[in-house]
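S.K.: After the sequence you'll find the predicted model.
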Amino acid sequence: MKRRMMALALALTLALSLLAGCGGDKNKPSTTEPTAVTPAPAKLVEIEYWNVFTGPDGKGMQNLVEQFNKEYDGKIKVTVQSLPGGEYYDKIVTAVASGNAPEVGIMHLDNIAKFASKGILQPLDDDLKTMNIQGSNYLPAAWKGGQYEGKQYSVPLDFHPLTLYYNIDLLEKAGFKAPPTNPDEFVKMAKAATKGDTWGFMLPVGWPTQMMFASALAQNGGSIYSADGKTPTYNSAEGVKAMQFLKDLVYTHKVSPENVPVDGGVTAFRQGKLLFTIDGIWMMQGFKDQAGLKFGVAPVTSLFGTAKKAVWGGSHQFVLYKMKKNDTEKRKAALTFVDWIGKHSVEWAKWGQIPAHNGARSSAEFKALTEQSILAQQTDHAIFVEAKDNPWAAQGWDTVVEQMNLILTNKLEVKAGLDKAVDTGKKALEAAK
């Protein structure tokens, strides 16, 4: 009997022991090592990026993309497609309509409002807040240019202003040590250099004289549009004064020949037969490549008038296109790329642009770029062809070109030509709507 009781006690002890091993005391720490869990590898997010950089600057952008892809290897991969500006916008419309748009793209500032109004672009406010991409980190005028009806539709990449290029040898030969800073100095120096087959300046009939007029208009206190953005106003007294100054360079001061063709000044400058030429910052690298050409650069902000400092500028802007189905991860990847490019845009500056990102512009590396640093002085005085909540601002301005050409070839008086330009501009606005 005693043996039987001992056997039962042993069996009961063993059973309790097994139960404790299976359920046990929930508060008692386990002495068994947990099985290691290998985290799933991060999913690679691939995005497509379209731009209009088909010139030498395309290589600069490609270098930046490759650097980004290397840094984000295994996380984000950006594929680039560069398209000529003439076909880019039509292809974007087609791609959005078919549901095959790239995740991120480049757009010129004066097209932002128009394409936003057509539903081609996605507003970015919520995304920018989530990604902590702040407007205070960018050139104010360029950031503001990406707004339409109170929403932000783009993030600026750069600012490319008009630039005064001057031949250093011809300037010294004319008796001057520094470039002009006001209209009187500009005319005086140009007159001193105009001798024989050498000219002080060349005012083209056509590109980019309309940009000079936009600058001159603002420098004389005028504006392209009324404050509400609805009416062209470049035929104002300030507009007449600005255009008259340009015309006088040809017919009164005679520092420019008549009927200069587009790029005529560029050719003469390359040949060393022109003191001043005014063109975009994008011409700088080409002039650097010109053998034997010794040149400097200077701001355009006060060459045509002294009422206000101003210079026409353009800006490439990053946008996110409307998609058939939004992918949160791709949107995040696209804006990660946009933010990264902005912070690294000193590399972009080396290809002849001024970064819109304040941090890039204030860096020691950017300040070491002599010409770009000089031209960055113009950022606080940037003006763009835009108007408040007017998606068709460019159409209301484009009509000035034809009339301006008639004025500069002495076929129309200044006021009559600008009045006609404004009249046709208003009609163009209505037709565009």
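M.R.: Thanks, I have the structure now.

S.K.: now for the helix or strand containing M107, which elements pack on it?
M.R.: Assigned by DSSP states H and E, M107 falls within strand 104-108. In terms of contacts (3 or more C-beta pairs under 8 Å, 6 or more residues apart in numbering; DSSP states H and E), strand 104-108 is packed against strand 45-51, strand 316-319, helix 328-343. From N, CA and C alone the C-beta is placed, and that goes for glycine too.

S.K.: and the following helix or strand past the last one, which residues are buried?
M.R.: The first helix or strand that comes after helix 328-343 along the chain, using DSSP H and E, is helix 346-349. Neighbour-count burial for helix 346-349 flags V346, E347, W348, A349 (criterion: 16 or more other C-beta atoms under 10 Å).

S.K.: tell me the mean pLDDT over helix 346-349?
M.R.: Averaged across helix 346-349, pLDDT comes to 95.

S.K.: Touching it from outside, list them.
M.R.: For helix 346-349, the external contacting residues (C-beta atoms under 8 Å, 6 or more residues apart in numbering) are 57, 60-61, 63-64, 67, 157-158, 341, 355, 360, 363, 365-366, 369, 372.

S.K.: Please apply the same query to stretch 398-414.
M.R.: So stretch 398-414 is in contact with 203, 205-206, 209-210, 213, 234, 240, 243-244, 246-247, 250-251, 258-259, 417-418, 420-421, 424-425, 428, going by C-beta under 8 Å, 6+ apart.

S.K.: Quick one: end-to-end length of it, please.
M.R.: 17 Å (C-alpha to C-alpha, to the nearest Å).

S.K.: Now do the buried residues in it.
M.R.: Those would be D398, T399, V400, Q403, M404, N405, L406, I407, L408, L412, V414, for stretch 398-414 by 16+ other C-beta under 10 Å.

S.K.: Quick check: the gap between the fifth one and F269.
M.R.: According to C-beta to C-beta, to the nearest Å, M404 and F269 sit 22 Å apart.

S.K.: For A142, which non-adjacent residue is spatially closest?
M.R.: P156 (3.7 Å; C-beta to C-beta, 6 or more residues apart in numbering).

S.K.: Kindly report the same for K75.
M.R.: Excluding the flanking residues, the one nearest K75 by C-beta to C-beta, 6+ apart is A42, at 5.8 Å.

S.K.: quick one, what contacts G396?
M.R.: The contact partners of G396, by C-beta under 8 Å, 6+ apart, come to Y225, P232, A387, N390, G425, K426, A428, L429.

S.K.: Flag the least confident of those.
M.R.: Least confident entry in those, by pLDDT: A387, with 88.

S.K.: A helix includes it, no?
M.R.: No: A387 is assigned coil when assessed by DSSP: H, G, I helix; E, B strand; the rest coil, not a helix.

S.K.: can you list the domains in the protein?
M.R.: 45-157+315-381, 161-313+399-432 (automatic domain parsing).

S.K.: Can you list the low-confidence ranges for this structure?
M.R.: Counting by pLDDT under 70, the low-confidence segments of the chain come to 1-41.

S.K.: One more pass at 80, please.
M.R.: Within the chain, the segments meeting pLDDT under 80 span 1-42.

S.K.: Now do the strands in it.
M.R.: Counting by DSSP state E, the chain has strands at residues 45-51, 76-82, 104-108, 147-148, 151-152, 155-156, 158-167, 276-280, 295-298, 311-314, 316-319, 354-355, 382-383.

S.K.: okay, those in TSV with mean neighbour count and distance to A141 next?
M.R.: As requested, those are exported to TSV (neighbours: other C-beta atoms under 10 Å; distance: least, C-beta to C-beta, whole Å):
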stretch	mean neighbour count	distance to A141
strand 45-51	20	22
strand 76-82	17	26
strand 104-108	23	14
strand 147-148	21	11
strand 151-152	17	14
strand 155-156	27	9
strand 158-167	24	8
strand 276-280	23	17
strand 295-298	19	20
strand 311-314	26	8
strand 316-319	25	12
strand 354-355	29	12
strand 382-383	22	4
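
S.K.: which stretch among those comes nearest K433?
M.R.: Nearest to K433 among the strands of the chain is strand 147-148 (14.8 Å), distances taken as C-beta to C-beta.

S.K.: helices or strands next to that closest one in the packing?
M.R.: helix 112-117.

S.K.: and the helix it packs on, what does it pack onto?
M.R.: Judged by 3+ C-beta pairs under 8 Å, 6+ apart, helix 112-117 is in contact with strand 147-148, strand 316-319.

S.K.: mind giving me a markdown table with those strands and columns for distance to F295?
M.R.: What follows is the helices and strands packed on helix 112-117, written out as a markdown table (distance: least, C-beta to C-beta, whole Å):
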| stretch | distance to F295 |
| --- | --- |
| strand 147-148 | 37 |
| strand 316-319 | 25 |
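
S.K.: Which one of those strands lies nearest to F304?
M.R.: Nearest to F304 among the helices and strands packed on helix 112-117 is strand 316-319 (25.5 Å), distances taken as C-beta to C-beta.

S.K.: ok, that closest one: who's next to it in the sheet?
M.R.: Applying DSSP bridges, strand 316-319 is found paired with strand 104-108 (antiparallel), strand 155-156 (antiparallel).

S.K.: Tell me the one of the buried residues of stretch 398-414 nearest A142?
M.R.: If you rank those by distance to A142 using C-beta to C-beta, D398 comes first, at 21.4 Å.

S.K.: Adding distance to T301 as columns, could you present the helices and strands packed on strand 104-108 in TSV?
M.R.: What follows is the helices and strands packed on strand 104-108, written out as TSV (distance: least, C-beta to C-beta, whole Å):
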stretch	distance to T301
strand 45-51	29
strand 316-319	21
helix 328-343	25
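
S.K.: quick one: which of these is nearest D110?
M.R.: Among the helices and strands packed on strand 104-108, strand 316-319 sits nearest to D110 (C-beta to C-beta), with 9.9 Å.

S.K.: Would you agree V52 is in contact with P84?
M.R.: Yes: between V52 and P84 there is a contact under C-beta atoms under 8 Å: 7.3 Å.
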